[in-house]
Structures are given as C-alpha cells and as structure tokens.
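Asks: model this:
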Amino acid sequence: MTCVTGWDVGGANIKAARVQNGNLITVEQRACVPHHGLALLEETIREMRREIGPSDCHCVTMTAELSDIFPNRSAGVVSIAAIMAQEIGVDNLVFYAGEKGFVSRSQVVQFATEIASANWRISAEFAGRHISDGLFIDMGSTSTDLIPLRNGRVAALGHDDASRFRYGELVYAGFSRGGPQAYTQRVPVEGYWTPLVNESFAAMSDVRRVLLDLPEGETTADLAPTADGRPKTIAASRARLARLAGRDLKDFDEKQIDAIAMYLSCAQMRLIEDQIALLISRGSIASDTPVIGAGVGRTIIARLAQQLGRPYHDFSEFIIAPQHLRLAAANCAPAAVLALSVGAIVGC
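Replies: You can find the predicted model right below:
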C-alpha cells in the first residue's frame with residue numbers, strides 16, 4: 001500500500017490531501033496565520049498529520065513565505081521547509097519548485113525563489129491535461145489566479161508574485177478574506193456617494209453571506225474569524241457592512257444594505273474582469289476560450305463565465321473520487337493535485 005500526502009501551506013490556511021494507491025481518500029484544511037507565531041504553524045501541521053494519517057511520501061507547496069514574520073521570502077521558504085521536515089519526519093519529503101519540478105529538502109536553499117508561491121502552477125498544469133486551451137481561474141479565500149492554457153501547457157508570462165501582478169495573472173481579490181474597501185472607496189446610499197471607512201470593520205465574507213453565496217455558519221470557505229468577533233450570520237454581516245459605511249444597521253432597511261453588498265461584490269468582480277480583458281488584449285486567450293474554475297470561490301467564477309458568454313468547467317470534473325472528495329479537492333486544488341501526481345513523478 002502506497003500513501004502520498006500533498007500539502008499547500010498558505011498564509012491563512014493549510015490544506016492537505018492524502019492519496020492511497022492512487023485513490024483520493026482525504027482532503028483537509030485548517031486556518032493558520034503564521035504571523036501569529038511559528039509555534040501555531042507547527043501545531044497545526046502536527047494536528048493535521050495525525051488526523052489524515054501516515055504516508056510514505058509527502059510533497060509541499062507554499063505561499064506562507066510571504067508572511068511578515070519572515071524577513072524575506074527566501075528565509076520564509078527555508079523556515080517553512082525546516083518546519084515541515086521536523087513535523088513530518090520522513091525521508092520522502094519533496095518540495096514543488098514550479099517549472100523546476102520537485103526538489104529535495106537539501107535543495108531548498110538553492111531553489112527557494114522557485115518554491116516561493118508556486119502552488120498556482122501545479123493546479124494549472126493539471127487543468128491543462130484535461131482542457132487543452134482555456135483560462136484557469138482559481139479563486140481562493142484571499143486571491144485569484146488567472147492562468148492561460150495553450151495546447152495543454154501553462155501559457156502564463158509571470159513566474160513569481162511580482163511578475164504575475166504585472167501581467168494580470170494574479171489579483172488580490174479573494175472570496176472571503178480582505179476588506180471590501182480594497183475594490184472601491186465609496187458606495188451609493190440613498191442617492192448619494194458615501195465614502196467607506198478605512199478600517200477593518202467588515203470582510204468580503206460578509207458580502208458573500210449577505211448575498212447568500214456563503215451560507216450562515218459555513219466554515220469550509222470562511223475559516224477566518226469575523227472582524228468584530230461576532231457570529232457568522234446574515235444579520236451580523238449586515239451590521240458589519242453598515243459600520244463600514246459609517247452607520248448602524250438600524251439606519252438601513254434590508255434592501256438598502258443588500259444593495260450595498262451587491263455593489264461591493266460587483267466592484268470586486270470588475271477588477272477580475274479587468275484582468276481578463278488584459279489577457280484578451282495580449283492575445284493570451286481567445287473570445288471563446290473556456291473557463292476552468294477552482295477554489296472556494298469557483299461558484300462566483302462560474303457565474304462570471306456565464307456573464308461573459310464563455311463555456312465553464314469545474315475543476316471537480318477532473319477528479320475521480322466520491323462527490324464530497326471531488327468538491328473538497330476543487331477547493332484545495334494544489335494539495336489535491338500534488339497528492340495525485342507526485343507519487344508517479346518522483347517514484348514514491
């Protein structure tokens with residue numbers, strides 16, 4: 001029996017997927033913010049490993065090296081690799097280094113730049129095996145990747161976060177995390193433009209919840225605590241959005257606050273549409289290029305594809321597993337793809 005675990009160590013969530021004899025059997029994710037202390041990162045990895053069970057081989061990709069607990073990204077990669085080696089404690093531990101492929105623990109320092117925030121590529125490469133020409137969009141809780149696929153291969157121009165920002169292939173517009181005021185400085189209220197308060201009074205999860213894109217109590221797509229520590233209910237989300245507009249909830253009726261939520265959602269989606277327009281202008285994608293959606297926000301991406309008149313494919317279509325695991329794998333695409341792919345590639 002051969003077991004492989006893929007890890008995606010992010011700056012807000014850690015995701016892991018376990019494959020046994022080529023079959024996906026477990027997908028897990030936990031909230032973990034490294035800047036709260038590396039002991040928390042160690043504890044979370046330890047707990048997840050106990051929960052998902054032992055494996056013969058582990059493969060790691062990461063974005064948590066961007067955390068400001070590290071002095072720079074390379075130092076973050078090296079530190080996270082050391083923590084993974086310590087907590088996993090097996091010889092068969094490899095790290096995903098983008099176009100360089102998989103590297104050993106001893107090669108982490110040499111390939112730290114390639115390892116940093118490379119998780120988007122492994123998912124896009126997997127999508128390219130199923131859709132030859134497409135636009136792979138992974139909308140996670142914090143950011144969105146937009147990766148052109150051509151002839152079954154990744155056709156992105158960017159390689160790291162900085163170049164991907166430049167080419168419009170990465171945008172910090174996530175499904176649930178981040179403040180709505182990142183996408184607009186004002187909202188229409190009773191016929192007047194109302195500036196938004198530049199404080200962390202609300203998050204995009206509040207917008208999603210009010211618009212019924214995020215059910216009350218849902219934790220899979222919204223692992224972070226609320227801005228005010230109050231419940232994850234529609235009423236509490238409406239109150240947080242009202243405060244963002246400098247008012248109390250009693251100052252609005254439900255239709256007014258829901259209209260504000262819709263405006264904020266549209267403002268965020270306009271940013272993503274702008275990046276798609278940039279890719280079209282460059283010739284990276286054609287007018288009829290299908291969209292492949294992954295991540296916890298892929299229902300939003302499916303809606304966007306429909307609005308743009310583009311065919312849509314859900315990432316879960318490419319996973320052979322029971323329904324609940326297919327959906328979980330689409331939420332945690334890099335971890336799932338690593339677990340499904342790495343055994344055959346590196347001989348685990």
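
Asks: could you use CA atoms for every contact and neighbour count after this?
Replies: Fine.

Asks: excluding its backbone neighbours, what's nearest the residue positioned nearest the centre of the chain?
Replies: In the chain, the centroid-proximal residue (Cα atoms, centre = their mean) is G140; its distance is 2.6 Å. With Cα to Cα, 6 or more residues apart in numbering as the criterion, G140 has its nearest non-adjacent residue at 4.8 Å, and that residue is G295.

Asks: just to revisit the earlier point, roughly how far does the residue nearest to the centre of the chain sit from R177?
Replies: G140 sits 9 Å away from R177 when distances are taken as Cα to Cα, to the nearest Å.

Asks: check Q256 too.
Replies: Q256 sits 23 Å away from R177 when distances are taken as Cα to Cα.

Asks: between the two, which one's more packed in?
Replies: A direct count of neighbours by other Cα atoms under 10 Å for Q256 and R177 places R177 higher, at 24 against 15.

Asks: where does pLDDT dip in this protein?
Replies: Of all residues in the chain, those with pLDDT under 70 make up the ranges 1, 343-348.

Asks: helices of that one, start to end?
Replies: In chain order, the chain shows helices spanning 38-52, 73-88, 112-115, 119-128, 161-166, 204-210, 234-244, 254-282, 298-307, 323-331, 333-346, with DSSP state H as the criterion.

Asks: who wins for proximity to R186 among those helices?
Replies: For the helices of the chain, the distance to R186 is smallest for helix 254-282, at 9.2 Å, taking Cα to Cα.

Asks: output the contacting helices and strands for the closest one.
Replies: Where contact means 3 or more Cα pairs under 8 Å, 6 or more residues apart in numbering; DSSP states H and E, helix 254-282 is packed against strand 186-189, helix 204-210, helix 234-244.

Asks: about what we covered before: so who does the residue nearest to the centre of the chain touch?
Replies: G174, F175, A294, G295, V296, G297, N331 (Cα atoms under 8 Å, 6 or more residues apart in numbering).

Asks: of these, closest to G128?
Replies: Checking those against G128 with Cα to Cα, the nearest one is A294 at 13.0 Å.

Asks: tell me what the closest residue to the closest one other than its chain neighbours is bridged to.
Replies: Sequence neighbours aside, D138 is the residue nearest to A294 in space, at 4.4 Å (criterion: Cα to Cα, 6+ apart). According to DSSP bridges, the residues that bridge with D138 are D145, A294.

Asks: residues contacting D138?
Replies: Neighbouring residues of D138 by Cα under 8 Å, 6+ apart: W120, T144, D145, L146, G293, A294, G295, G297, R298.

Asks: how near is K232 to R238?
Replies: Distance from K232 to R238, by Cα to Cα: 10 Å.

Asks: who's more crowded, the two?
Replies: R238 (25 against 20).

Asks: wouldn't that one be in contact with L212 here?
Replies: No: at 12.0 Å, R238 and L212 do not qualify as touching, with contact defined as Cα atoms under 8 Å.

Asks: which one, of the helices of the chain, ends up nearest to G134?
Replies: G134 lies closest, by Cα to Cα, to one member of the helices of the chain: helix 119-128, at 7.8 Å.

Asks: the closest one: which residues count as buried?
Replies: N119, W120, R121, I122, S123, A124, E125, F126, A127, G128 (16 or more other Cα atoms under 10 Å).

Asks: run the chain-centre distance for that helix.
Replies: With Cα atoms, centre = their mean, to the nearest Å as the basis, the distance from the averaged C-alpha position of helix 119-128 to the chain average is 13 Å.
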